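Visitor: mind looking at a prediction? Sequence and model below.
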Amino acid sequence: MPAGRTVNLRSIINERPMSSFQVRTFLLCFLVLFLDGYDTVVLGFIAPSLRSHFGASPAQLAPVFGAGFFGLAIGSFLFGPLADRYGRKTVLFVTVALFGVVSLFSAWASSLEALLVLRFLTGLGLGGAMPNAYTLAVEYSPDRLRSTLVAPLGCGISAGGVFGGLIASFMIRTFGWYSMLILGGVLPLLLALALRAWLPESVRFLVASGQQEDARVIMRRIAPAAVTPDTRFALDETPARGFPVSRLLARGLRAGSLLLWLTGFMALLVVYFLGNWLTILVQDTGVPFDRASLMTALYLTGNGLGAVLLGFLMDRLNPQYVVAGAFLCAAASLASFSYLIHVPAIALFALFVTGVGTGGAMTGTSILSAGFYSTSMRATGVAWTLGMGRVGSIVGSMIGGAMLAAHWAPNLMFAAVSVPIAVAALSVFCLAIVRRRRPQSPAIADEPGMSAGDKVSNH
C-alpha cells in the first residue's frame, strides 16, 4: 500500500479474518455484561436476608428495587452521549468502576434508606456500562459477522444472573448476605483495571475524532500489513454536528429512532413482567411449583439461546424481518399459553419460543440500533434505545403486581402482555420500511443480511 494513502477503515476490518486482538476485545465486553448481569440481580438473591436484617416488610423493600431500575434507566440516558463525546473505553472504565465501588459500599449500608441511594448509584453504572459494551463490540466487528458475534454478548447478562444464583446459597450461608455485595464490588473493580490495561478505544471513534496516530497503533494490531506510518483512515459516513441526543431526532433519523425506542420499551416491559411474575402466574393456573419453576427456567434459557440464534440469522437474512418475526412468534405463544399450559411438552416449547422472541429479540434490537446510527452518535443511539427499554422494565414490574391486586385471571394477563410484543413486532417491521425508503440517509449504517434493494447505503 503506498505511503500516505487514505484508506477506508471499514473495508480493512471487513476484508480480514478476526484477529486475536479483536477476540480479546469481545471477551472483555462479555465480562462487562457478565458482571452487569450479576450486580443487576444480586439484590433479589439477598432480599430474604435483607428483610430479616432490617426487619423490613416486602413493601419497604420495594423502593430499594425500584431505585436500582430507575438508576439503570438514567445511566443509559446519561452515559451514551458521554461515550460519543469522550470515548467508549473511558466511559466503560468509569461505569464499571462506579458500580463496583458502590456495590462494595452497599455491603455496609446501615439502613434501607442508605441502601436505596446506593442501589440508585449502582444502577447508574450498570445502565451506562451495558450499551457501551455493545457499541464497542459492534465497532470491532466485520459486517458479515456483526450480529453473530455481538448477540452472544447478551448471554453474558443471563450468565451473570445464573452465576449469582449458583453461588448465593453457599455465600450467604458461609459468609453472610453482605458477601454477595462485596463480590459484586471486587470483581468489577478488578475488571476495571483490566479494561484500563487491555481494552482498546473504538478505532472508529478515534478516526471520527481525528486521532489518526492512535488509530494507526490499533490497526497495526488488526492488519499490520495494511498500515504504514503515513496511512490515514477514513470513515464512509458524513460527520455529524450538534449534541448527540438531538441528532437522534434529526431529519432522516427521527422515525427510526422513535421506532427503536418504542420497540425497546415494549420488549423490556414484557421481559421484566415475565421475569417477575411468570412463576406465580403459572402456579395460579394449578401447575405445581416444581413444574412452574422449570417453565420459568426454560423461558430464561430461551432469552439467552435466542440471542445467539437470532444473531446467526440476522447476518444471513434481513435483520429487521428476523427480529420482527421473533417478536410475532412470542406474541402468538403468549396469547395462547394459558390454553397450552396443561400440555407440558407444548407449554415448555411455547415458553422457549417466548424467551427467544422477548429477551433474545431485545438483544437483536440493540444490534439493530447499533447498525442504524453513525459512529458519532452510535453510543447515544444504543444507550437511548436501552434507556427507553429500562423505562418499560419499570412499567412491566409494576403492572404485574397491579393486575394481580385487581384479581385478573392468568389467561387474561397472558393475553394482555402479548399485545406489547405484537406492537414491538409491528414497530420493527416499520423500521424495515423506513430504512428501505431512505437509501441515502447520511447517518445510517449498512446492516449485514440485507438485500441490495433493502440495504441502506452508508454512502
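Guide: The structure has been received and is ready for your questions. Residues are numbered from 1 along each chain as shown.
Visitor: now the helices for the stretch 301-450 of the chain?
Guide: Assigned by DSSP state H, counting those that start in this stretch, the helices in the stretch 301-450 of the chain fall at 319-340, 344-355, 361-372, 375-405, 410-437.
Visitor: pick the most buried one from those.
Guide: Of all the helices of the stretch 301-450 of the chain, helix 361-372 has the most neighbours on average by mean count of other CB atoms under 10 Å, namely a mean of 29. From N, CA and C alone the C-beta is placed, and that goes for glycine too.
Visitor: average pLDDT for it, rounded please.
Guide: Mean pLDDT, helix 361-372: 93.
Visitor: hang on, the earlier thing: quick one: closest of the helices of the stretch 301-450 of the chain to residue 118.
Guide: helix 375-405 (18.4 Å; CB to CB).
Visitor: distance from the chain centre to that closest one, please.
Guide: Averaging C-alpha positions (CA atoms, centre = their mean, to the nearest Å) puts helix 375-405 11 Å from its chain's average.
Visitor: do stretch 23-32 as well
Guide: Mean-position distance between stretch 23-32 and its chain equals 14 Å (CA atoms, centre = their mean).
Visitor: what comes up buried for it?
Guide: Buried residues in stretch 23-32, defined by neighbour count with 16 or more other CB atoms under 10 Å: 25, 26, 28, 29, 30, 31, 32.
Visitor: keep only those of those residues that are in helices.
Guide: With helices taken from DSSP state H, the overlap with these comprises 25, 26, 28, 29, 30, 31, 32.
Visitor: show me what contacts the fifth one?
Guide: By CB atoms under 8 Å, 6 or more residues apart in numbering, the contact set of residue 30 is 152, 153, 156.
Visitor: which residue comes closest to the last one once chain neighbours are left out?
Guide: Computed as CB to CB, 6 or more residues apart in numbering, the closest residue to residue 156 that is not its neighbour in sequence is residue 33, at 3.4 Å.
Visitor: what is the burial count for that neighbour?
Guide: Number of residues near residue 33 (other CB atoms under 10 Å) recorded here: 23.
Visitor: how close does it get to residue 363?
Guide: The gap separating residue 33 from residue 363 is 10 Å, by CB to CB, to the nearest Å.
Visitor: need the overlap of contacts for those two.
Guide: 153, 154.
Visitor: tell me the contacts of residue 128?
Guide: By CB under 8 Å, 6+ apart, the contact set of residue 128 is 75, 76, 78, 79, 80, 82, 83, 91, 94, 95, 98, 383.
Visitor: which non-adjacent residue is nearest residue 71?
Guide: Excluding its sequence neighbours, the residue lying closest to residue 71 (CB to CB, 6+ apart) is residue 123, at 2.1 Å.
Visitor: pLDDT of the strand or helix carrying that neighbour, averaged?
Guide: Assessed by DSSP states H and E, residue 123 sits inside helix 112-139. Across helix 112-139, pLDDT averages out at 94.
Visitor: sort out which residues of it are buried, please.
Guide: Across helix 112-139, burial judged by 16+ other CB under 10 Å covers 112, 115-139.
Visitor: same check, this time on stretch 202-221
Guide: Within stretch 202-221, the residues scored as buried using 16+ other CB under 10 Å are 202-209, 211, 214-216, 218-221.
Visitor: again with stretch 156-176
Guide: In terms of neighbour count (16+ other CB under 10 Å), stretch 156-176 has its buried residues at 156-164, 167-168, 171-172.
Visitor: could I get these as CSV with secondary structure, distance to residue 421 and pLDDT?
Guide: As requested, those are exported to CSV (DSSP: H, G, I helix; E, B strand; the rest coil; distance: CB to CB, whole Å; pLDDT from 0 to 100):
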residue, secondary structure, distance to residue 421, pLDDT
156, helix, 23, 87
157, helix, 19, 86
158, helix, 19, 81
159, helix, 24, 86
160, helix, 25, 88
161, helix, 21, 83
162, helix, 24, 81
163, helix, 28, 88
164, helix, 27, 87
167, helix, 33, 90
168, helix, 30, 88
171, helix, 36, 92
172, helix, 35, 90
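Visitor: now those residues as TSV including distance to residue 69?
Guide: Formatted as TSV, the buried residues of stretch 156-176 follow (distance: CB to CB, whole Å):
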residue	distance to residue 69
156	20
157	15
158	18
159	21
160	17
161	15
162	20
163	21
164	17
167	23
168	20
171	24
172	23
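Visitor: circling back to that earlier point, export the buried residues of stretch 23-32 as CSV, with columns for distance to residue 334 and pLDDT.
Guide: Listed next are those as CSV, based on distance: CB to CB, whole Å; pLDDT from 0 to 100:
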residue, distance to residue 334, pLDDT
25, 37, 96
26, 33, 95
28, 36, 97
29, 31, 96
30, 30, 96
31, 33, 97
32, 31, 97
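Visitor: out of those, which one sits closest to residue 430?
Guide: So of the buried residues of stretch 23-32, ranked by how close each gets to residue 430 (CB to CB), first place is residue 29, at 29.9 Å.
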